[in-house]
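>>> Sharing a model that was predicted from the sequence below.
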Amino acid sequence: EISLLLTSQYIMVKVKALSRSAASTERQNSGDLRMQHRNLDPDHHPMARAREYTRAVTAAKIDRMFAKPLLGSLGTGHRDGVTATAVSRAALVPFVSGAADGEIRIWDLASRKCVAELAGGHSRAINGLVFDNGGQHFYSCSDDGLVRRWSILPSDTNDESSTTNNNSNSKGKTTPHGPMETWRIAGTFKSIDHNRSSDYFATASDSAVEVWSPERSAPVQTHQDLWGSDDTVGVVRYNPAERSLLAMCSADRGVGLFDTRLASPLRKTVLSMKSNCLEWNPMEPMNFVAGNEDYNAYGFDMRKLDKPLMIYKGHIGAVLTVSWSPTGREFVTGSYDRTVRIFPSRRGTSREMYHAKRMQRVFTVDYSADNRYIISGSDDTNLRLWKAQASAQIGQVTAREERAVRYRQALVKKYKHMPEVRKIHGARKTPRLVKKQTALAQVSKESARRKHDNRVKHSKPGSIVAKGAREKTVVKEID
Amino acid sequence: WLLATVGRAGYLKYHDTSTGEPVSTHRTRMGPCSVMRQNPTNAIIHLGHTNGTVTLWSPANSDYLVKMLCHRGSPINCLALDRSGKYMVTGGADSTVRIWDLRMYKETHSYYTRGGPPTDLDISQKGIIGIGHGGNATFWGPEALKVKVTSPYMGHKMPGCGPVETLRFRPFEDVCGIGHQKGFSSIVIPGSGEPNLDTQEYNTNPFQDTKQRREAEVRSLLDKLKPEMIALDPDTIGGIEESNKFARLERSRDIEDEANARRDAEGQIKKKEKKKMRGRSKIQKKLKRKQKNIVDE
């Protein structure tokens, strides 16, 4: 500030006026930051809303421009359709997949290369793969009635260890990765899962549900005719928090809970169609999602099985596989309709749909443990690596870039109700069949709605009670 | 990036200077216009006409949005808008300077300029009104917009410099530039400039270097608004409208019917009977048609 002296005939007035100097605002050297000033007075920011809205539209467009989710395939895949996969519980990099011809492959996710091909361990399709809690070993189960334990790391002395077990298959080839142990039953194994805290693992076979210990060659527990039905149990899953709680899906369209400590079945809920897969929410362990044959996935609270928490609609084919994100906020489903969908857990519609021209029926999906990637295994013998956030940048992102990305996401979120933004944000290239079937489903839904409204309109008020979709899901509940 | 121009033909034209394309042309139908200002808050163009009216224009509408009669019987000499977009100051050839509230479109108060009609007006960032009249420039303090003030803040006499051609305040500085017959004067008006600037806004940093200027240019291009977004209320964008289109139409139709009914009741519409000479026109038929127009209560 400089002072001016205004002289008049009688008085001398000292007046201050603005004076800016370049020296005060210029930076001293090129490495220095530039001075930023802020004035929050709205008069300084004319038409702020309009400009923000324009930026939101641009942000939605940029988001779509950068949305290239497919990263590539893992190596050259298998020789037959991929039927089972497992992500390690203790590390990010090891990944294991099993094919319909009984071959197991160990992958290095970071380099997408195959570490080992374990052929000859199983003669029929691999139905289940699961890592143990240490992450050093994994189990495989197959239609040939065998459960085999393998090691992730190769070891030189392996020929001797395979013969210690009574049930070992001495004729099978041994590799540096195993098989270290083998367990056999007369029937076929459909599913396998490992206890989250102890060494036990549970399997579902065509006749019973078994709980095994790796030290014993016979199952520790065998349970048949659960809830009075001898139907095959297709899926068993251990609860991540409650150690002895098992959830299972059976061929009689039921989803049930089992306690291995009491060795007794708990509740069971029967839906209208069979459930193909079941996964517990890792962050909300009382909730699980079951993927059903009727193209929906149902979210249930284990304490209240009479009504699903949420119905996840979107697929136009049976939901074959489900996998939760480690955050518990969303899950990914793979379906018979050749697509992979990502659903947020609190919303019934998918936020993203991935498809590829060459990808056939998706049999397995996995969410990577760092919440960044999705691995889908499908009938076309390939394992595809996708980004969980389609427009995210892979690798190290500078702070400035991250801030810009966050700002754009916030803009889109703020204006997502506006028609222009909504159209751009929701635009996806969908396969022709998916588009057609979804439109048809919408037409039949609207027609059903209209007919129901007409029936209500032309009947005695109160005689027709509308039943919600969630109430109609469960057919029966068995204690 | 939108350039508004108006000339002696009275056509208001908008051009997009980033692409060079003309956006729209509007016929003001009020003769030559030489007084034009932009409202900083909503980008509406204010035109001052020779019949004393001020019209408000947007590129999206082919007709004016608002027409205000500001000076009865004398042309508008000059026009200025304050930064908050609430007040408009007009100077007419009748030597009055009137202050208008732009929300109610009503005059709040007026001042009389001695020494000649006001030839140019400007409002500084801090709200100081500068009026050039005759060979003087008078400056009224920021409270002069809201209430009638008895005396001005400052005066500047330029004897012999004739009528003031242009008077403009310099943004972010306490300086006012006056262009007159004998040249240009730059005078210090303490308290007229805004001391705290915001570097986020494009081209408001007087000390920006090349890189900042370039980046600001790119950002302003990315944020370029569509001409349709310019409206009287800038907050309508991103707002929520009634979801049911038919309910909205019905409501507007109801308002229309109501207004029409009121007009009919006042007897302003006289249904003139058409003289139909085609075909057979019997006297009886004519009488019948006349009967139809009578409304029996």
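Cool, got the structure. Numbers count the residues shown, from 1 in each chain, chains lettered A, B, ... in the order given.
>>> all contacts plus neighbour counts: C-alpha atoms, from now on.
OK.
>>> Retrieve the pLDDT associated with B:S243.
The score at B:S243 is 69. That number is its pLDDT.
>>> Against chain A, how distant is the residue positioned nearest the centre of chain B?
Central residue check for chain B by Cα atoms, centre = their mean: the C-alpha nearest the mean position is that of B:H46, 2.5 Å away. Distance of B:H46 to chain A, given as Cα to the nearest Cα, to the nearest Å: 17 Å.
>>> pretty sure that residue is touching B:S34, no?
No - B:H46 is beyond contact range of B:S34, at 11.0 Å (criterion: Cα atoms under 8 Å).
>>> Can you pull out the residues in contact with the strand or helix carrying the residue nearest to the centre of chain B?
Assignment of secondary structure by DSSP states H and E places B:H46 within strand B:45-48. For strand B:45-48, contacts defined as Cα atoms under 8 Å, 6 or more residues apart in numbering or on different chains pick out B:4, B:33-39, B:54-58, B:75-79.
>>> partners of A:I478 in the sheet?
Beta bridges link A:I478 to A:K268, judged by DSSP bridges.
>>> residues near it, how many?
Each residue near A:I478 was counted by other Cα atoms under 10 Å in any protein chain shown, and the total is 13.
>>> Ok, B:Q291 next?
Neighbours of B:Q291 under the rule other Cα under 10 Å: 10.
>>> Next: A:I192.
For A:I192, the number of neighbouring residues by other Cα under 10 Å comes to 27.
>>> close enough to count as contact, B:G31 and B:R8?
Yes - A contact is recorded between B:G31 and B:R8 when judged using Cα under 8 Å, the distance being 7.2 Å.
>>> Neighbour count: those two, which is higher?
Residue environment comparison for B:G31 versus B:R8 gives the larger neighbour count to B:G31, 15 against 9, counting by other Cα under 10 Å.
>>> How many residues are close by the closest residue to the more buried one other than its chain neighbours?
Once its chain neighbours are removed from consideration, B:G31 has its nearest residue in B:G10; the separation is 5.0 Å (Cα to Cα, 6 or more residues apart in numbering or on different chains). Each residue near B:G10 was counted by other Cα under 10 Å, and the total is 19.
>>> Please apply the same query to B:R214.
Neighbouring residues of B:R214 were enumerated by other Cα under 10 Å; the total is 12.
>>> did I read that right, it in a helix?
Yes - counting by DSSP: H, G, I helix; E, B strand; the rest coil, B:R214 falls inside a helix.
>>> so how far is B:G160 from it?
44 Å (Cα to Cα, to the nearest Å).
>>> next one: A:K274
Summarising the geometry, the distance separating A:K274 from B:G160, computed by Cα to Cα, is 99 Å.
>>> Compare neighbour counts for the two and give me the winner.
For A:K274 versus B:G160, neighbours defined as other Cα under 10 Å are more numerous around A:K274 (21 against 12).
>>> Buried residues of the longest helix anywhere in chain A, list them for me.
The helix spanning the most residues in chain A, taking DSSP state H as the definition, is helix A:432-457. Under the neighbour-count criterion of 16 or more other Cα atoms under 10 Å in any protein chain shown, helix A:432-457 has A:V434, A:V456 buried.
>>> roughly how far is the helix or strand where A:T85 lies from the heart of the chain?
Using DSSP H and E, A:T85 sits in strand A:82-87. Averaging C-alpha coordinates over strand A:82-87 and over its chain gives two centres that are 14 Å apart (Cα atoms, centre = their mean, to the nearest Å).
>>> Could you please name the strands that strand pairs with and the direction of each pair?
Here, using DSSP bridges, strand A:82-87 pairs with strand A:94-99 (antiparallel).
>>> average pLDDT across the partner strand?
Over the span of strand A:94-99, the pLDDT mean works out to 97.
>>> so after it, what's the next helix or strand?
strand A:104-108.
>>> what angle separates the next helix or strand after that next one from strand A:94-99?
On the C-terminal side of strand A:104-108, the nearest following helix or strand under DSSP H and E is strand A:113-118. Direction vectors for strand A:113-118 and strand A:94-99, defined by axes from the mean of the first three to the mean of the last three Cα atoms, to 10 degrees, enclose an angle of 50 degrees.
>>> Are there helices or strands packed against the helix or strand following strand A:113-118, and which ones?
Next in sequence after strand A:113-118, counting helices and strands by DSSP H and E, comes strand A:126-131. Contact partners of strand A:126-131 among helices and strands, from 3 or more Cα pairs under 8 Å, 6 or more residues apart in numbering or on different chains; DSSP states H and E: strand A:82-87, strand A:94-99, strand A:137-142, strand A:189-194.
>>> If anything else comes up later, I'll come back, but that's it for now.
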